[in-house]
Structure formats: structure tokens, C-alpha cells
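S.K.: no sequence on this one, just coordinates:
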Ligand SMILES: NC(=O)c1ccc[n+]([C@@H]2O[C@H](COP(=O)([O-])OP(=O)(O)OC[C@H]3O[C@@H](n4cnc5c(N)ncnc54)[C@H](OP(=O)(O)O)[C@@H]3O)[C@@H](O)[C@H]2O)c1
């Protein structure tokens, strides 16, 4: 798959490196062409580094994961193609799937610079609100309206370092990644990209429900930063009442 990424920061680096390692073609983009090119070079080096998967799996193991188990590990599709860097418009044009990974402050300007080529494409929205969460201004429908793309909200619930783990597995369970979107083909593409991380895609409903993912992130991040074990607020499924 050709994956264009609007962004050259942490999320672009973490997820883009995983997908490059899995054999996808990746182009990132940022405000500073030379900084983006340097980032693309480090991503290529990391994606191709011998033993990178094993090293990251050790980290997962140290964090309660299952290094060395039969849980799927990224890096299975074949040859790694070098990560490229381009302008916002070039990355939008390049991607069969395009991930929007810019900070909220730059979102509208970047999407305007990206041009009209996102219309009809799968567009992954990883954004969380900066500052107080505002339910009157959800981000996912804004991205849909600005791009005309088939937006899928995903990857916003976990810190960037989680997306560097190969695989993100905790206590023997692959991380579940909820997806909210309306377009079946776009959802199918993002499910594939979730599975390429060694994670399990979860159907979160249509794009109208993306605001619930944004609210959940705001709530959970508040708990974590307050020192609580946010994961502990949910019971095992046997006690879910279903
Ligand atoms: N970090 C996390 O743990 C995490 C987790 C889940 C979701 N997210 C979401 O992922 C998105 C990207 O986060 P990130 O951690 O990758 O951020 P980051 O490392 O700060 O990178 C931000 C990217 O946005 C670009 N940008 C464009 N206009 C900008 C502006 N006016 N101000 C600031 N940056 C601007 C930056 O361009 P340059 O390259 O030119 O600097 C950079 O490529 C955000 O929406 C965030 O809410 C982050």
C-alpha cells in the first residue's frame, strides 16, 4: 500500500516506521523539508535495522508483553522500501491511504495546503484535542468536511511510544484498536494497517461515533496524568453485563 502521512512528528515516525517495516511505501511531510527528509532517513534506517523487531519485542516483553510468542509481529510483508519525504500536497497525492498526524493548531492550514487530492481516499485521523475537550467541535467530521475523504478515526487512544512496540501486546493480549468510519473500503484498508502492527482492529461504529473516541482519549489521558491506572477502570469482559 502507498501511505501518505501529513506530519513528520512522533506519530508519523512511530506508525510510518512500522508500516515501512511491513513493506508498505511511506511518504511523510512537514513544514521544514530538510527536517522531514532527515526524519524519513531515520525511519528508513529503523525499519531496515537488523534485529529491530526482536529488540522492540523485548521492550514489549519487559512491559508485560509476550516477546517470542506466536502473536503476529510487524515486518512480515517483504522488502522495506525507503521512506520518502515531500510537501503536504505531495504526501496527499502519493497516498492510496493518507494519515493526518498534525497538531490541532496546524490542522486546517495543512489540509488546505494538501489540496483536493484527498477527496474519496481513505483518510486516517489520529488527532486528539489540545487543551480542554470541546464536544461541540469534534475533529473527525472537520477533517471529513475539509478533505472530502473517507475518514477513519483510529490510533488516538494510546501514547506514541505504544505505536513503536513490535508488537503492542500487553499481558499476552494484542492491543485492540477501535476504528470509527463510514466507508467499508476505507475501514478495510485501515484494518489491514492495524493488523500489520500486530494489533486487533475493533469495529467502533460509524464516523458520528468518532467524537466518543476523542472524548475517551481526553478522559483517559486526564486519568493517566492524574496518576490513576486508567486501564483498571474497565472490568474483564465476563463482567461487562453482556
Ligand atoms: N504524541 C502522542 O502520544 C499522540 C497519541 C495519539 C494521538 N496523537 C495525535 O497525533 C497528532 C500528531 O501528534 P504528534 O505527537 O505526532 O505531534 P508532533 O510530534 O508535535 O508532530 C506534529 C506535526 O504537526 C505538524 N504541524 C503542522 N502545523 C503545525 C502547527 N501549526 N503547530 C504544530 N505542529 C504543526 C508538525 O510539522 P513539523 O514537522 O514541521 O514540525 C509535525 O509534523 C496530534 O493530533 C495528536 O493529538 C498524539
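M.R.: All right, it came through fine. Worth saying up front: this structure is predicted, and the values here are computed from it rather than measured. Numbers count the residues shown, from 1 in each chain.

S.K.: contacts, neighbours, all on C-alpha from now
M.R.: OK.

S.K.: Can you tell me the element residue 166 falls in?
M.R.: Counting by DSSP states H and E, there is no helix or strand that carries residue 166.

S.K.: Residue numbers of the chain in contact with the ligand?
M.R.: 7-12, 30-32, 101-106, 126-129, 156-160 (CA under 6 Å from any ligand atom).

S.K.: Where helices are concerned, which of the residues you listed count?
M.R.: Per DSSP state H, helices hold the following members of the residues of the chain next to the ligand: 10-12, 104-106.

S.K.: Can I get those in TSV including neighbour count and pLDDT?
M.R.: Formatted as TSV, these follow (neighbours: other CA atoms under 10 Å; pLDDT from 0 to 100):
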residue	neighbour count	pLDDT
10	17	98
11	24	98
12	27	98
104	15	94
105	10	95
106	11	97
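
S.K.: before we move on, back to that, for ChimeraX, what selects the buried ones among the residues of the chain next to the ligand?
M.R.: Selecting just the buried residues from the residues of the chain next to the ligand in ChimeraX takes one command, with 16 or more other CA atoms under 10 Å as the test:
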select :7,8,9,10,11,12,30,101,102,103,126,127,128,129,156,157,160
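
S.K.: and the helix or strand harbouring residue 92, what does it pack onto?
M.R.: In this assignment (DSSP H and E), residue 92 forms part of helix 88-94. For helix 88-94, the packing partners by 3 or more CA pairs under 8 Å, 6 or more residues apart in numbering; DSSP states H and E come out as strand 2-6, strand 25-29, helix 104-114.

S.K.: Of those, flag the one that's most buried.
M.R.: Highest mean neighbour count among the helices and strands packed on helix 88-94 (mean count of other CA atoms under 10 Å): strand 25-29, with a mean of 29.

S.K.: what does that one contact?
M.R.: 1-8, 12, 16, 19-20, 36, 40, 81-88, 91, 94-95 (CA atoms under 8 Å, 6 or more residues apart in numbering).

S.K.: Noted, bye for now.
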